[in-house]
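A.B. asks: just the structure for this:
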Amino acid sequence: MAKQSRIIVGQVAAITGGARGIGKETARALIREGVRVAIGDLDFETARQTAQELGAGTIALELNVTDRDSFERFVDDAEAQLGPVDILINNAGIMQLGAFLDEDERTTRRMIDINVYGVHHGSQIALERFVPRGRGHLVNVASMAGKAGYAYGATYCGTKHYVVGLSEGLRGELRGTGVEVSVVMPVAVHTELGSGLGQARGVKRVEPEDVAAEIVSALKEGRFDVFVPRSVGPLTQFSSALPRRAREGMARALKADKVLSGADFNARKDYELRASHSEPGLEPVDEQKTLEESSAG
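C.D. replies: All right, here's what the predicted structure looks like:
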């Protein structure tokens with residue numbers, strides 16, 4: 001007997017990094033389901049424009065996910081304006097690529113602060129509310145890079161491994177509480193973050209709308225593992241059962257090992273420069289120089 005789809009009409013969702021990309025499209029998809037949405041973003045002006053575009057009472061709030069106090073204010077303000085948050089989606093994240101030995105410490109810290117501490121803060125703040133209420137759904141957006149390691153994206157992969165591991169641990173802790181967790185693992189997505197990336201054989205790049213649709217589906221089905229596209233789920237399970245040499249050989253045959261290392265750094269230039277300003281607590285490095293050096297290599 002098929003599992004009955006849950007009704008999420010009237011629920012409240014808070015989405016980090018909601019001004020653009022996956023966050024924006026997830027907000028749009030949830031609004032179609034009758035969910036009230038608060039989007040938080042460091043780029044408040046773009047978030048405000050996005051909220052205005054989406055309509056349906058969507059609100060925009062300024063958010064720095066690396067600052068726990070800012071995250072607390074984001075959720076408090078969302079609840080004050082829309083009611084108790086039922087769904088929190090940790091979507092904010094950055095991906096800066098390059099050889100590990102060439103990576104500036106500030107670039108490393110920026111990815112860890114946003115991709116690790118941002119998710120950590122959001123998870124704790126949401127669960128502090130969800131657990132006493134006996135309900136709620138935490139959605140952590142990771143990546144297929146959270147299931148493997150790829151050259152020229154070592155730090156990024158490490159941060160996404162954290163998101164997958166955290167989510168799995170929380171799933172065990174929260175069993176029986178009425179609170180649920182989902183971890184979202186898309187392949188390369190056609191967003192600014194995914195610009196210039198290579199492509200594995202047989203796995204097409206997905207659109208942010210595809211990721212949004214799977215997030216909505218996971219909320220309605222109570223699904224933990226959210227692979228996008230779904231077809232990479234069985235492929236990942238099969239690969240994980242292989243010995244390392246065979247697994248790495250399969251990755252080379254599919255050109256999965258070139259998705260990050262084969263990136264077009266000229267095509268990524270605008271994104272990398274914007275990402276370098278995404279942690280207010282850190283001064284950006286000379287990303288233009290770094291990109292020129294990477295392109296020359």
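A.B. asks: show me where the stretch 151-297 of the chain has helices.
C.D. replies: Secondary structure of the stretch 151-297 of the chain (DSSP state H, counting those that start in this stretch): helices at 154-173, 208-221, 232-240, 244-253, 269-275, 287-296.
A.B. asks: would you single out the least confident of those helices?
C.D. replies: Mean pLDDT is lowest for helix 287-296 among those, at a mean of 41.
A.B. asks: just to revisit the earlier point, tell me which of the helices of the stretch 151-297 of the chain is the most buried.
C.D. replies: Of all these, helix 208-221 has the most neighbours on average by mean count of other C-beta atoms under 10 Å, namely a mean of 20. Using the backbone N, CA and C atoms, a C-beta is placed for each residue, glycine as well.
A.B. asks: any weak-confidence spans in the stretch 1-150 of the chain?
C.D. replies: Applying pLDDT under 70 to the stretch 1-150 of the chain flags residues 1-3.
A.B. asks: give me that answer again for 90
C.D. replies: 1-5 (pLDDT under 90).
A.B. asks: and the strands in it?
C.D. replies: 12-16, 36-41, 59-62, 87-90, 136-141 (DSSP state E, counting those that start in this stretch).
A.B. asks: to Arg48, which of these lies closest?
C.D. replies: strand 59-62 (4.4 Å; C-beta to C-beta).
A.B. asks: direction included, what does that closest one pair up with?
C.D. replies: Next to strand 59-62 in the sheet, as set by DSSP bridges, lie strand 36-41 (parallel).
A.B. asks: tell me the gap between the strand it pairs with and the middle of its chain.
C.D. replies: Computed by C-alpha atoms, centre = their mean, to the nearest Å, the separation of strand 36-41 from the middle of its chain amounts to 15 Å.
A.B. asks: rewinding a little: what would the strands of the stretch 1-150 of the chain look like in TSV with mean neighbour count?
C.D. replies: Below are the strands of the stretch 1-150 of the chain laid out as TSV (neighbours: other C-beta atoms under 10 Å):
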stretch	mean neighbour count
strand 12-16	27
strand 36-41	28
strand 59-62	20
strand 87-90	28
strand 136-141	25
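A.B. asks: of those strands, which is nearest Glu180?
C.D. replies: Glu180 lies closest to strand 136-141 among the strands of the stretch 1-150 of the chain, at 4.8 Å (C-beta to C-beta).
A.B. asks: contact partners of that closest one?
C.D. replies: Strand 136-141 is contacted from outside by 22, 85-91, 93, 119, 122-123, 126-127, 129-130, 163, 166-167, 170, 178-184, 186, 211, 215, 218-219, 226, using C-beta atoms under 8 Å, 6 or more residues apart in numbering.
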